[in-house]
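# Quick one, what's the 3D model for this:
(chains A and B)
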There are 2 protein chains.
Amino acid sequence: MKQVTLAAPVGHKPVAGDFQMCDVATPDCPDGGVLVRVVHLSLDPYVGSQIRGRHMGEPAPRPGIDPIPGAIVGEVLKSHDSDVSEGDWVHSMQGAWQETVALKPGDYRKLDPDLAPLAAHIGVLGMPGLTAWAGMTQLAKVGLGDTVLVDAAAGPVGGTVGQIARIKGASRVVGIAGGPAKCAIVTGTYGFDACVDYKSDGWQDQVGPALGDGLSVFFENVSAEMAMMALTHARPYARGVLCGLAAAYQSDVSTGNPLNMGLIIGKRAQLYGLVVYDFYALWDAFVAEASGWLRDGELAFAEHRVEGLDRAPALFELLMNGQNEGKAVVTVAPEVV
Amino acid sequence: MKQVTLAAPVGHKPVAGDFQMCDVATPDCPDGGVLVRVVHLSLDPYVGSQIRGRHMGEPAPRPGIDPIPGAIVGEVLKSHDSDVSEGDWVHSMQGAWQETVALKPGDYRKLDPDLAPLAAHIGVLGMPGLTAWAGMTQLAKVGLGDTVLVDAAAGPVGGTVGQIARIKGASRVVGIAGGPAKCAIVTGTYGFDACVDYKSDGWQDQVGPALGDGLSVFFENVSAEMAMMALTHARPYARGVLCGLAAAYQSDVSTGNPLNMGLIIGKRAQLYGLVVYDFYALWDAFVAEASGWLRDGELAFAEHRVEGLDRAPALFELLMNGQNEGKAVVTVAPEVV
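Numbers count the residues shown, from 1 in each chain, chains lettered A, B, ... in the order given. Okay, the predicted model is just below:
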């Protein structure tokens, strides 16, 4: 089968040329687990840190040896798990950039293929969606009358944050994204009230007017600097979800990502560190709720999709540069064969 | 009457010589308000910022003209308020370093003199106590099984934080204070389980063992650096109350008081900015609860008390240097005349 590995150790922001395609033996089905035909592969920013050995203390995959990790949706080819049958669909965070994956018990969740488009399970119903949902419903507890600001708003986390906020009763939802095409996704596809283009001149002066009467909730995906900018627009007792530091993940300079404690006190801010892993136990509950929103047209998503495993490296380079428009999905194989 | 003013503008950490004693006319009783004989005057760290014009955007008191602000407990000499009679006791945050104060309606609260020692109303039942209570019960919501760390623990805020935590069910309470005498107050008078002396060698290595299994709540009075130290000892989802930056108040160098956003995320910390002014509406409710704890011997306090307004400047200098032991109180006049 085809598999993608690193061509050499990566010490820089990853580019397409850092990857190579190999032919390797198809794995066996593990005891108690399943063998899965990969159909949709998720490309996510954290993988950029993972392949540099900078994610959660995990070692980087070895060039030419270890596959590149990634979330997948696939069809079960063989099962040693009595709860799963051949032909069932599963989602796994323990997938890889390859055509077939062997998954150990506990490393996958069975999917109902009729609930939503299959690729949605690595996007709006996948880890990005769960992240957004956890931040809005479990931490910030967004509700009636909230005004919400989120950055990286064209992406699957930020875009879902704003939509869930709206569904839960927020009165105004504002995004920050880079460039007119992304802002069009934010206000068009996702239906935010406004989007500020951080690549435009004087964008900082547009945030206050876009919010109106200040924010009561913000969700930070990008940097401590952006979180502080958000706080300057905060009403007293605003809640902030600290989720990501995308600007720092591929940087070679560590700034310490400083938040100003005096400003936090002055604003009486309430800040919540979010790591989505903590919410995996709620994944099925989230999917049950959010698939209803999808069906009812309350929750939309945008995909930047390519076909074929060989196109994963180029899309990953776009993702690393923030040039993807919507959730990065590699469709490795057709859904129906 | 006697009044203390600044001798000259203050641009440094205040010392006793920055103050002067004047003789001024006793004020009149304001319309709808009261004229009060000052009995106990509170010296608080925020006043050090106030007299340098660095507090909440308020202007500094003018040398030789404006009195030094301070919370007081006193006896009503004259009343134009139908709810208050001559001889009643009041507490006010709008007092001053002088023998008699004129208080406008709304700027004082009537006290029950039988509830607790009168000076307690500027300490453990005053703003320091309310600060501690708000942080523990309204923000961190401390409860059964919590392990709590607080710095400036010999002071009236920190000492009350730990005791309220214990009353509310915390299983372990650890303080940080400077020097053996202060640590003796923390573990002796206040009954904390342990106190780490930050002036001793290798004190950082003592914090982890003192906590045991990490902290679930911390209350920060001193600096962003101390808050980050606390966070390194935090269990996931620890709650941190960000209350004060005492180390920065008298400093001439601004560090931005940086908190590391990556560490906050990694620890899934929940941080709450606290400004005690927001909780003034709950003051009577707090006093009703805490005076019961005082009576029952569950809540103790330590005072560093001097007699006579002329001794306020020297005690204030001690306070600015962290050399007071317990709540700084100036008894301006006897309770019974």
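
# Only C-alpha atoms from now on, for both contacts and neighbour counts.
Fine.

# Tell me the secondary structure at A:Val217.
strand (DSSP: H, G, I helix; E, B strand; the rest coil).

# Just to check, it is in contact with A:Val142?
Yes. At 7.4 Å, A:Val217 and A:Val142 qualify as touching, with contact defined as Cα atoms under 8 Å.

# Counting neighbours, go ahead and name the busier of those two.
A:Val217 (31 against 24; other Cα atoms under 10 Å in any protein chain shown).

# Report the beta-bridge partner residues of the more buried one.
Beta bridges link A:Val217 to A:Val148, A:Arg239, judged by DSSP bridges.

# tell me the domain boundaries of chain A?
Per automatic domain parsing, the domain ranges recorded for chain A read A:2-123+A:301-331, A:127-278.

# Can you add mean pLDDT and give the ones you listed back as a markdown table?
A markdown table is the format used below for those (pLDDT from 0 to 100):
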| stretch | mean pLDDT |
| --- | --- |
| domain A:2-123+A:301-331 | 96 |
| domain A:127-278 | 95 |
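
# Check the ones you listed for me and report the most buried one.
domain A:127-278 (a mean of 21; mean count of other Cα atoms under 10 Å in any protein chain shown).

# Please list the residues of the stretch 201-337 of chain A that sit near chain B.
A:224, A:242-245, A:256-262, A:264-275 (Cα under 8 Å from any Cα of the partner chain).

# Inside helices: which ones of those?
Secondary structure assignment by DSSP state H places A:Ala224, A:Met261, A:Gly262, A:Ile264, A:Ile265, A:Gly266 of those in helices.

# Of those residues, just say which sits nearest to chain B.
Closest to chain B out of these is A:Ile265 (3.9 Å), distances taken as Cα to the nearest Cα.

# hey, which strand is longest across chain A?
Ranked by residue count under DSSP state E, the longest strand found in chain A is strand A:69-79.

# elements contacting the host helix or strand of A:Ala285?
Assigned by DSSP states H and E, A:Ala285 belongs to helix A:283-295. Secondary-structure packing of helix A:283-295 (3 or more Cα pairs under 8 Å, 6 or more residues apart in numbering or on different chains; DSSP states H and E): helix A:127-133.

# any residue of the helix it packs on up close to chain B?
No. Helix A:127-133 does not reach chain B (Cα under 8 Å from any Cα); its nearest approach is 12.9 Å.

# and that helix, what does it pack onto?
helix A:156-167, helix A:283-295.

# Next, the buried residues of the longest one.
When neighbours are counted by 16 or more other Cα atoms under 10 Å in any protein chain shown, the buried residues of helix A:283-295 are found to be A:Trp283, A:Phe286, A:Val287, A:Ala290, A:Ser291, A:Trp293, A:Leu294.

# Now the spatially most central residue of chain A. Nearest residue, chain neighbours left out?
Residue closest to the average C-alpha location in chain A (Cα atoms, centre = their mean): A:Pro128, at 3.3 Å. Once flanking residues are discounted, A:Pro128 sits nearest to A:Val157: 4.7 Å by Cα to Cα, 6 or more residues apart in numbering or on different chains.

# I figured that neighbour hits A:Thr131, correct?
Yes. Taking Cα under 8 Å as the definition, A:Val157 is a contact partner of A:Thr131 at 6.6 Å.

# correct me, but A:Arg52 touches A:Gly11?
Yes. Taking Cα under 8 Å as the definition, A:Arg52 is a contact partner of A:Gly11 at 6.2 Å.

# Please enumerate the helices of the stretch 101-250 of chain A.
A:127-133, A:156-167, A:180-184, A:204-211, A:224-232, A:246-249 (DSSP state H, counting those that start in this stretch).

# Out of those helices, the one nearest B:Gly202 is which?
helix A:224-232 (31.2 Å; Cα to Cα).

# Assess the claim that A:Cys22 and A:Thr5 are in contact.
Yes. With contact defined as Cα under 8 Å, A:Cys22 reaches A:Thr5; the gap is 7.3 Å.

# Now the common contact residues for these two.
Both A:Cys22 and A:Thr5 are contacted by A:Gly64, under the criterion Cα atoms under 8 Å, 6 or more residues apart in numbering or on different chains.

# ok, A:Arg239 - contacts?
Contact analysis of A:Arg239 by Cα under 8 Å, 6+ apart lists A:Ala140, A:Ser216, A:Val217, A:Phe218, A:Ala269, A:Gln270, A:Leu271, A:Tyr272.

# before we move on, what about A:Lys110?
Per Cα under 8 Å, 6+ apart, neighbours of A:Lys110: A:Val84, A:Asp88, A:Trp89, A:Val90, A:His91.

# Relative to A:Ser82, how far out is the second one?
Think A:Asp88. 12 Å (Cα to Cα, to the nearest Å).

# picking that back up, do you know which of the helices of the stretch 101-250 of chain A lies nearest B:Leu43?
When the helices of the stretch 101-250 of chain A are ranked by distance to B:Leu43, counting by Cα to Cα, first place goes to helix A:224-232 at 31.7 Å.
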